[in-house]
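# what's the 3D shape of this:
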Amino acid sequence: MTERFAAISFVASDTAEAQAARLKLVERYGDADPAEAEVVVALGGDGLMLQTLHRFMGTAKPIYGINRGSVGFLMNEFRERGLRQRLEAAHRSVVHPLTMTAVDCNGKRVEARAINEVSLFRRSYQAAKLRLSVDGQVRLSELVADGVLLATPAGSTAYNLSANGPILPLDAPLLALTPLSPFRPRRWRGGAAARPCQGDDRGHGGRQAPGQRRRRPYPDRQCRLGLDRDRSLARPRHAARSRPQPGRTHPARAVRLLRPRRWSCLAASSADGL
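Presented below is the predicted three-dimensional model:
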């Protein structure tokens, strides 16, 4: 009987820890050519995992990540023994990349695929005014911010999370739409775009009919991010302030200290400076 996952290809980041782990695994399991391998094992962090997914996109080869980096949210725990058994027992998660079509001010079109997110940033020192449309319908006529990003479930724990965006399950039929340093609407934190029921995917009452296969989470969702113009704001973005006490200076202090990724600080100021 032929053993499953007999041909394994290993890729690793340039760090010493990842390279040392690769040598140990290659010595134990061998290293097949990527074109002939049944599975590709990526040793490193989330960054290497994304690079590997891009590299083997369209080949239908499963990618198994092992954490030899810093965060490793998309990776599995490193163990030298029992790799083939772990591959057999692994749960397969299908990642659907975003297809980005960008048009610049000169009419040039650029297309690319994104696994984590697609971001739109301002290019000047002024805030950008954006118009957001989903499936051809304007959802937000004006967003004044540094930019906006559209994240997949796999990318919802990356830049989207640091921008206070929602965390989405990997199999959720949702996309996270998150503003970057929004000025107006002042309290808008973004939202999640859901795939509507369409065509034969629709069951009774708009729900999926029993026995039907689940379609891709967002095969034809379109989110349009339109840059209207850049211009200076009349006043700076909102900043928290402390009450001065006569004769005392106020040192910098943290507010809303949930994690370092959400850490913000009050600037030190003198009593007559406020």
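
# going forward, measure contacts between C-alpha atoms and count neighbours the same way
Noted.

# Please identify the helix or strand for R84.
Taking DSSP states H and E as the definition, R84 sits inside helix 83-89.

# what's the answer for G107, then?
Applying DSSP H and E, one finds G107 in no helix or strand.

# Count the residues that sit near it.
8 (other CA atoms under 10 Å).

# can you pull the pLDDT of it?
In this model, G107 is scored at 90, pLDDT.

# what do you get for D135?
83.

# Tell me, how many residues neighbour it?
As a measure of burial, D135 has 11 neighbours, counting by other CA under 10 Å.

# That one and A193, how far apart?
10 Å (CA to CA, to the nearest Å).

# again with A114
With distances taken as CA to CA, A114 is found 17 Å from A193.

# cool, and Y159?
17 Å.

# low-scoring stretches of the stretch 1-150 of the chain, by residue?
Segments of the stretch 1-150 of the chain classed as low confidence (criterion: pLDDT under 70) are 1-3.

# elements contacting the longest helix belonging to the chain?
Of all segments of type helix in the chain, defined using DSSP state H, the longest is helix 16-29. Helix 16-29 sits against strand 8-12, strand 39-44, with contacts defined as 3 or more CA pairs under 8 Å, 6 or more residues apart in numbering; DSSP states H and E.

# Ignoring the adjacent residues along the chain, who's closest to L74?
D46 (5.9 Å; CA to CA, 6 or more residues apart in numbering).

# err, E36, not the other one
Spatially, and ignoring its direct neighbours in sequence, E36 is nearest to A7 (7.4 Å; CA to CA, 6+ apart).

# so who does that neighbour touch?
The contact partners of A7, taken as CA atoms under 8 Å, 6 or more residues apart in numbering, are G30, D31, A32, E36, A37, E38, V39.

# Name the member of those residues that has the highest neighbour count.
The most crowded member of the contacts of A7, judged by other CA under 10 Å, is V39 (21 neighbours).

# That one reaches A6, doesn't it?
No: with contact defined as CA atoms under 8 Å, V39 and A6 do not form a contacting pair (9.0 Å).

# quick one on the thing from earlier: got the buried residues for the helix holding R84?
Of the residues in helix 83-89, those scored as buried under the neighbour-count criterion (16 or more other CA atoms under 10 Å) are L83, L87.

# Stretch 105-120 now?
A114, I115, N116, E117, V118, S119, L120.

# Double-check that the last one belongs to a strand.
Yes: residue state for L120 (DSSP: H, G, I helix; E, B strand; the rest coil) corresponds to a strand.

# okay but it is in contact with L132, surely?
No: between L120 and L132 there is no contact, the gap being 11.4 Å when judged by CA under 8 Å.

# can you pull out the helices in this protein?
Listed in chain order, the helices of the chain (DSSP H) span 16-29, 46-55, 83-89, 159-162.

# could the ones you listed be laid out in JSON lines, adding distance to M100?
Converted to JSON lines, the helices of the chain look like this (distance: least, CA to CA, whole Å):
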{"stretch": "helix 16-29", "distance to M100": "32"}
{"stretch": "helix 46-55", "distance to M100": "14"}
{"stretch": "helix 83-89", "distance to M100": "32"}
{"stretch": "helix 159-162", "distance to M100": "17"}
